[in-house]
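>>> Give the three-dimensional model of this entry:
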Amino acid sequence: MPDMEPMIYETKTALILRKDLATWQVANIAAFLAGGLAATHPHLKGEPYKDAANRAYTALIREPVFVYGATLEELQRTHARALSRELVPAAYTEAMFKTTNDADNRVAFAAEPADALNLVGLGVHGPRKVIDKVVNSLKFLT
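From the prediction side, this is the model:
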């Protein structure tokens, strides 16, 4: 692989996931949140891929996605920071684990107290410096 200069993007995408989740929940919520952000921010989508045999593959998100771990309190603080900076976050609450479809997810989400969502995951995308302030003090999920 040729030497490549590191790319610095003007925007940043971050997923913040509650630290006490089961592995399958982490993977599932990350997929839901990333999909929501990609659908809301079409510029996140890269170009489709082709292999050496010219077989087609889908496009991927064009920039890195940073994944942080957080407690419920840290998620709620991060959520408040995102809203105060007029970001539109992707969010997943604990009640949504009990549903089986998108319509019921929205009903469960709407039943949450607006200022005290029982968050298990949050996704944000925006200008790099703004996202850095939103996720300030969080550590990468390990």
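>>> what's around Asp3, how many residues?
Neighbourhood size, Asp3 [other CB atoms under 10 Å]: 4. In short, each C-beta sits where N, CA and C put it, glycine included.
>>> If you could redo that for Glu112, that was the one I meant.
Glu112: 16 neighbours (other CB under 10 Å).
>>> next one: Leu37
By the criterion of other CB under 10 Å, Leu37 has 21 neighbours.
>>> which ones are touching it?
Thr13, Leu44, Ala90, Gly123, Val124, His125 (CB atoms under 8 Å, 6 or more residues apart in numbering).
>>> try Arg85
Arg85 makes contacts with Gly126, Val130, Lys133, Val134, as judged by CB under 8 Å, 6+ apart.
>>> Help me confirm that the last one comes into contact with Leu83.
So that's Val134. No. Taking contacts as CB atoms under 8 Å, Val134 lies outside contact range of Leu83: 9.6 Å.
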